[in-house]
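Participant: Sequence and predicted structure are below.
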Amino acid sequence: MLMQQLLNGVVVGSVYGLFALGFTLIFGVNHIMNMAHGTVFMWGAFAGLYAVMLFDVPFPVAVLIGALGGGTVSVVLDWVAFRPLRKRGAPEFSSIVSSIGASLILLSLAQQLTATRVMRFPFDIFPIVVFSFFGLRIQLLQLVIIGIVVLMVIGLLYYLYRTSFGRQIRSVAFSESTSKLLGINPFAINFQVFFISGALAGIAGVLIGIVFNSVHFMMGEPLLLRAFVVIILGGLGSIPGALIAGLLIGIIQTLTVAYLSAGLADAIVFSALFLVLLVRPTGLFGGTAAVARVTRR
């Protein structure tokens, strides 16, 4: 029973980590808290859902469309809510307020379009295949989700640290003004950053929608709160920290629901965050310059 719950926690936590990666990426490059990231996650889930409902696309295509939908919404969000403020040199707090306003608009649009209904992926979107190992039941969907998350993390790290585009992203994160002197176009870099961030959120949205068989306009808000816990617990700006913290949060939440009470899940998660911060104020993988370490590596 314990091993089964640990497996379930790893699956849920890996999706939490994937969602938090996009949140961390924007913070690491643009140094802003994107409060609309939860709505990007939600719109990505709806993009994948409607693709399945209207065109009967298979699971891989639904995930791809969810990524494109989330990436597109994220880029539009940057153009509308963040880029005008960057041009004027507005303080970071202005970006937070702007993202909150944009989030409320996107939530209202989704509420009107769906009439506040809870929608579900078709049951045959993914075959139900279960493997048994020493009493442990492992679904094929769980293995696929873990595999997708691992591939996304490896791909993101490779992109950031092994490609010329990744070097440009890290240069902009270090100093936008200096990157301009080097001939780097920060607007093109921000387009990449927001698209990648939104694509990761969109993939996470489709996966969560299938795992819990529920897609609705408020589905991203609880996850946004957990993303705060993940990036603070893992260390601001730390990509490995975001993934590991996401796994920890998923395991803690699953074990709490299984052995204690669902109502205590958030209380225990935030208590764990409080205790960790008492010992390590910068998080598990943070430091005095966590963001700089990740972006300038």
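Facilitator: Happy to help now that I have it.

Participant: for A90, helix, strand, or coil?
Facilitator: Using DSSP: H, G, I helix; E, B strand; the rest coil, the structure places A90 in coil.

Participant: I'd like to know the phi and psi angles of it, please.
Facilitator: Phi and psi for A90, reported as degrees, to the nearest 10, are phi -70, psi 150.

Participant: any idea how far it lies from P84?
Facilitator: Separation of A90 from P84 (CB to CB, to the nearest Å): 8 Å. Quick note: C-beta positions are derived from backbone N, CA and C, even for glycine.

Participant: With V172 instead?
Facilitator: V172 sits 18 Å away from P84, going by CB to CB.

Participant: neighbour count winner among the two?
Facilitator: A count of neighbours by other CB atoms under 10 Å puts V172 above the other of V172 and P84, at 26 against 13.

Participant: That one: which element?
Facilitator: Assessed by DSSP states H and E, V172 sits inside helix 164-174.

Participant: Check which element follows that helix along the chain.
Facilitator: Downstream of helix 164-174, the next assigned helix or strand under DSSP H and E is helix 176-181.

Participant: residues in contact with that following helix?
Facilitator: Q168, S171, V172, P186, I189 (CB atoms under 8 Å, 6 or more residues apart in numbering).

Participant: Can I get it in CSV, CA atoms only?
Facilitator: Below are the C-alpha coordinates for helix 176-181, written out as CSV (Å, rounded to 0.1, in the frame of the first residue of the first chain):
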residue,chain,number,x,y,z
GLU,A,176,19.3,42.6,-20.8
SER,A,177,21.3,45.8,-21.5
THR,A,178,24.6,43.9,-21.8
SER,A,179,23.0,41.3,-24.1
LYS,A,180,21.9,44.1,-26.4
LEU,A,181,25.6,45.3,-26.7
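
Participant: So which elements touch the following helix or strand past that helix?
Facilitator: Per DSSP H and E, the first helix or strand lying C-terminal to helix 176-181 is helix 186-211. Counting contacts by 3 or more CB pairs under 8 Å, 6 or more residues apart in numbering; DSSP states H and E, helix 186-211 is packed against helix 2-30, helix 37-55, helix 59-77, helix 83-87, helix 140-162, helix 164-174, helix 176-181, helix 220-234.

Participant: Minimum distance to L107: which of the ones you listed has it?
Facilitator: Nearest of those to L107, taken as CB to CB: helix 37-55 at 5.7 Å.

Participant: Look up the closest residue to V193, ignoring the ones flanking it.
Facilitator: Once flanking residues are discounted, V193 sits nearest to V29: 4.9 Å by CB to CB, 6 or more residues apart in numbering.

Participant: For L85, see how far away V15 is.
Facilitator: Distance from V15 to L85, by CB to CB: 31 Å.

Participant: who has more neighbours, the two?
Facilitator: V15 (23 against 17).

Participant: Who are the contact partners of that one?
Facilitator: Per CB under 8 Å, 6+ apart, neighbours of V15: I145, V149, A204, L207, I208, V211, G246, G250.

Participant: please redo it, this time with the cut-off set to 10 Å
Facilitator: 145-146, 148-149, 203-208, 211, 223, 246, 250 (CB atoms under 10 Å, 6 or more residues apart in numbering).

Participant: again, but for I145
Facilitator: Taking CB under 10 Å, 6+ apart as the test, what I145 contacts is 10-12, 14-15, 18, 126, 139, 203-204, 207-208, 210-211.

Participant: Quick check: it vs G246, distance?
Facilitator: Counting by CB to CB, the gap from I145 to G246 is 13 Å.

Participant: same thing with I96?
Facilitator: The spacing between I96 and G246, counted by CB to CB, is 22 Å.

Participant: more neighbours, those two?
Facilitator: Neighbours were counted for I96 and for G246 using other CB under 10 Å; G246 has more, 30 against 14.

Participant: Could you measure from G250 over to V12?
Facilitator: As for G250, its distance to V12 is 4 Å (criterion: CB to CB).

Participant: and stretch 10-17, how far out from the chain's middle?
Facilitator: Chain-centre distance of stretch 10-17: 10 Å, with CA atoms, centre = their mean, to the nearest Å.

Participant: switch to numbering from 175
Facilitator: Shifting the count to begin at 175 puts that one at stretch 184-191.

Participant: Now that stretch: buried residues?
Facilitator: Neighbour-count burial for stretch 184-191 flags V184, V185, V186, G187, S188, V189, Y190, G191 (criterion: 16 or more other CB atoms under 10 Å).

Participant: Leaving out chain neighbours, which residue sits closest to the second one?
Facilitator: It refers to V185. Distance criterion CB to CB, 6+ apart; nearest residue to V185, sequence neighbours excluded, is Q316 at 4.7 Å.
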